[in-house]
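Colleague: Need coordinates for the following:
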Amino acid sequence: MKQLEILIVEDNEADSIKIRSLLVANGYSVCGVAASLGEALTLFNEHRPDLSIVDIYLQGKKEGIAFAEKVNAGETTRHPFIFLTNAADRHTFEEARMTSPLSYLLKPFNELELQYAIELAVEKFARADDGYFAHHGGAVSVLLGDVFFVKRGNILAKVLVGEIKYIEVDGKYCKLTYGNDKFLIQKSLRQLQEQLPVKQFMRVHRNYLVNLKEILKINLQDHEIILQDGSSMAFSRRYLDELMHAYYVLK
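Modeller: Down below sits the predicted model:
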């Protein structure tokens, strides 16, 4: 599981140190700190952060808004960002709102306000209308592109879709196996199957969805799939033809 990578765009050294400290303490990774528009764009293009926290005013100019406008210029670079500012006037707010920030924090702010702003920004960007982060039982997540953002306790981390081993039904929800960890996902197996890459993940049983690259052996006699880590799962005959078509079989 990887940490959420955040870019800080802030020219006030004391504020940037405070923000970095709060982020690191809450399990996030800071990929860089920029004090100007040029630095911010360079770091953004270099690291492609999951989220940016942006002060509206840099060196006395509204370069934070300019950064947001440039980042939002194309579909390939759009990503969630949060505005910070000392300015409480309506004109600044309206100008900033035109860039579609996912949260807007007035300084000074506290740790809890920043944590909530981060979660809401990722959740809104992923269009998670039913509010997965609002649940407090176990790990929950939203899917954005090829990454699950998973919340466990106060930490929001990344799970790369391509590294998921398999997903199994667990009551009304599903349990995702990733490395040595398991995460509860508040979606049905059918919903997850519709979101995951069809060429990589396949339904092999009414209770299992497996990453094809994790399959080591298929025992046709015992209807069993052996994974790379030695674990196994049953497969149903109804999915056998589709499963066999996913591989080039030598006879």
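
Colleague: where exactly do the strands run in the stretch 51-200 of the chain?
Modeller: 51-55, 81-85, 103-106, 140-144, 147-152, 155-160, 164-170, 173-178, 181-185 (DSSP state E, counting those that start in this stretch).

Colleague: What pairs with the third one, parallel or antiparallel?
Modeller: Counting by DSSP bridges, the strands paired with strand 103-106 are strand 81-85 (parallel).

Colleague: Please name the residues that touch residue 204.
Modeller: 210, 225, 233, 235, 236, 239, 243 (Cβ atoms under 8 Å, 6 or more residues apart in numbering). In short, each C-beta sits where N, CA and C put it, glycine included.

Colleague: and the third one, what pLDDT?
Modeller: Right, the one you point to is residue 233. Residue 233 is assigned a pLDDT of 91 by the prediction.

Colleague: Helix or strand: which one has it?
Modeller: Secondary structure assignment for residue 233, by DSSP states H and E: strand 232-234.

Colleague: go on, the second one?
Modeller: The secondary structure element spanning residue 225 is strand 224-227 (assigned by DSSP H and E).

Colleague: distance of the residue lying closest to residue 8 once chain neighbours are set aside from residue 241?
Modeller: Excluding the flanking residues, the one nearest residue 8 by Cβ to Cβ, 6 or more residues apart in numbering is residue 33, at 4.6 Å. When Cβ to Cβ, to the nearest Å is applied, the distance between residue 33 and residue 241 equals 54 Å.

Colleague: wait, residue 8 sits on residue 20?
Modeller: Yes. The pair residue 8 and residue 20 passes the contact test of Cβ atoms under 8 Å, sitting 6.3 Å apart.

Colleague: Tell me which helix or strand comes right after the strand holding residue 233.
Modeller: The helix or strand immediately downstream of strand 232-234 is helix 240-245, counting by DSSP H and E.

Colleague: tell me the average confidence for that following helix?
Modeller: Averaging pLDDT residue by residue across helix 240-245 gives 78.

Colleague: residues near residue 33, how many?
Modeller: Residue 33 is surrounded by 19 other residues when neighbours are defined as other Cβ atoms under 10 Å.

Colleague: and stretch 118-125, how far from the chain's centre?
Modeller: 9 Å (Cα atoms, centre = their mean, to the nearest Å).

Colleague: again with stretch 68-84
Modeller: Relative to the chain's own centre, stretch 68-84 is displaced by 16 Å; criterion: Cα atoms, centre = their mean.

Colleague: tell me which residues in it are buried?
Modeller: By 16 or more other Cβ atoms under 10 Å, the buried positions in stretch 68-84 come out as 68, 71, 72, 79, 80, 81, 82, 83, 84.

Colleague: Show me which of those is closest to residue 116.
Modeller: Within the set of those, residue 82 lies nearest residue 116; the separation is 10.5 Å, counting by Cβ to Cβ.

Colleague: check contacts around that closest one.
Modeller: For residue 82, the contacting residues are 51, 52, 53, 54, 101, 102, 103, 104, 105, 117, 118, 121, by Cβ under 8 Å, 6+ apart.

Colleague: same check, this time on residue 124
Modeller: By Cβ under 8 Å, 6+ apart, the neighbours of residue 124 are 80, 102.

Colleague: what's the spacing between it and residue 117?
Modeller: In this structure, residue 124 and residue 117 are 11 Å apart, going by Cβ to Cβ.

Colleague: Could you do residue 85 as well?
Modeller: 13 Å.

Colleague: which neighbours do those two share?
Modeller: Common neighbours of residue 85 and residue 117, using Cβ under 8 Å, 6+ apart, are residue 105.

Colleague: Sweet, I'm off.
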